[in-house]
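Novice: just coords:
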Ligand code: ADP
């Protein structure tokens, strides 16, 4: 049976403001980006989230399905809506992000009627992937439900991957985020961590927070610099894999999300960690050469994973 992956999180409606004030519609979300690239790399992946019963939720579902992402585990909450953000670009080309997401349907994935069914279904996946942004959606009770669900995944022989994406505004205070990330890292079998996120969250000793899990789980530590390197710690292996230089960086949106997708696709195909990191660099390096999170299909690099 094919390996089945679940990506958990939130996709929001995206409105980009144009110079005349009109708004261009799209959608976006970190874990959705990872699901999309996993699907493009031939991995059987479901996006697990909650949406409303509005026309935009319908459009998102159709777009995800057209990308080959499984939508059978998307909960639909009557009367609710997806979250929304507007990207404003100032006269210097700097972008700022403005959110309406407090009542987004995705925040109730682990609460209300239907949550038990979602949790039972999640327990059957081979690999469950969530990010720090996913964690910020659910509150204490929802996070506890997610943690329990991850233990159920592992009890059935599945694995749990956690990506440390940290966005301060998603959290009521830093201490809550620090505790939630500590718990998530302690529970994960595979951690994607960026030194930048760890430093923001924990200060100069950030790396230690993840490195204390070395040996117990696989760690992909993404460093800074241009081009950056990743350090992969898996079992007794500890290798650093530099990213090849990218000539024209256009937009780094979804660099980490696409890196994680190619890394996981390669590991699921049985490739060793260092090779998986090279695949991650190859896809992320292509993604940052294009505008937006999702590159045209025709631009996808040919990663030899089969
Ligand atoms: P994020 O901040 O989205 O997590 P990262 O900065 O960790 O993204 O970068 C993820 C990957 O994107 C890197 O491992 C690398 O493959 C690619 N990448 C990012 N910035 C560069 C760069 N300046 N040059 C080459 N590759 C890059």
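Specialist: The structure has been received and is ready for your questions. The structure displayed is predicted, hence computed values, not measured ones.

Novice: which bits of the stretch 51-200 of the chain sit near the ligand?
Specialist: Selection of the stretch 51-200 of the chain residues close to the ligand by CB under 6 Å from any ligand atom yields residue 194. (C-beta placed from N, C-alpha, C; glycine too.)

Novice: can you give me the helices for the stretch 51-200 of the chain?
Specialist: 55-66, 115-122, 132-155, 174-187, 195-202 (DSSP state H, counting those that start in this stretch).

Novice: remind me what the last one packs against, helices and strands.
Specialist: The helices and strands touching helix 195-202, judged by 3 or more CB pairs under 8 Å, 6 or more residues apart in numbering; DSSP states H and E, are helix 174-187, helix 206-211.

Novice: which elements pack onto the shortest one?
Specialist: Using 3+ CB pairs under 8 Å, 6+ apart as the contact test, the elements touching helix 206-211 are helix 174-187, helix 195-202, strand 218-222.

Novice: poorly predicted segments of the chain, please.
Specialist: 1 (pLDDT under 70).

Novice: one more time with 80, if that's ok
Specialist: For the chain, residues meeting the criterion pLDDT under 80 lie at 1, 306.

Novice: quick one on the thing from earlier: please identify the deepest-packed of the helices and strands packed on helix 206-211.
Specialist: Of those, the one with the most neighbours on average (mean count of other CB atoms under 10 Å) is strand 218-222, at a mean of 24.

Novice: that strand pairs with which strands?
Specialist: Strand 218-222 pairs in its sheet with strand 190-194 (parallel), strand 229-234 (antiparallel), by DSSP bridges.

Novice: tell me which of the ones you listed sits most buried.
Specialist: Greatest average neighbour count among the strands paired with strand 218-222 goes to strand 190-194 (a mean of 26), per mean count of other CB under 10 Å.

Novice: angle of it against helix 132-155?
Specialist: Angle, strand 190-194 to helix 132-155, by axes from the mean of the first three to the mean of the last three CA atoms, to 10 degrees: 160 degrees.

Novice: number the chain from 344, please
Specialist: That works, and once the first residue is 344, the last one we named lands at strand 533-537.

Novice: got the angle between strand 533-537 and helix 538-545?
Specialist: Using the same axes, to 10 degrees, strand 533-537 lies at 90 degrees relative to helix 538-545.

Novice: chain center to strand 533-537, what's the gap?
Specialist: Taking CA atoms, centre = their mean, to the nearest Å, one finds strand 533-537 lying 11 Å from the centre of the chain it belongs to.

Novice: repeat that for stretch 585-596.
Specialist: 19 Å.

Novice: now do stretch 481-497
Specialist: For stretch 481-497, the distance to the chain centre is 17 Å (CA atoms, centre = their mean).

Novice: and the contacts of that stretch?
Specialist: Defining contact as CB atoms under 8 Å, 6 or more residues apart in numbering, one finds that stretch 481-497 is touched by 351, 450-454, 458, 462, 465-466, 468, 471, 473, 477-478, 502-503, 523, 526-527, 530-532.

Novice: hmm, residue 397 and residue 448 touching each other?
Specialist: No. When contacts are counted by CB atoms under 8 Å, residue 448 is not listed as touching residue 397 (9.2 Å).

Novice: give me the residue from the chain nearest the ligand.
Specialist: Closest approach between the chain and the ligand, counting by CB to the nearest ligand atom: residue 599, at 2.3 Å.

Novice: and the helix or strand hosting that residue, what does it pack against?
Specialist: According to DSSP states H and E, residue 599 maps onto helix 598-611. For helix 598-611, the packing partners by 3+ CB pairs under 8 Å, 6+ apart come out as helix 373-383, strand 470-474, strand 502-506, strand 533-537, strand 561-565, helix 616-630.

Novice: for residue 365, find the nearest of the helices and strands packed on helix 538-545.
Specialist: Closest to residue 365 of the helices and strands packed on helix 538-545 is helix 517-530 (CB to CB; 35.6 Å).

Novice: what's that closest one packed up against?
Specialist: Counting by 3+ CB pairs under 8 Å, 6+ apart, helix 517-530 packs on helix 475-498, strand 502-506, helix 538-545, helix 549-554.
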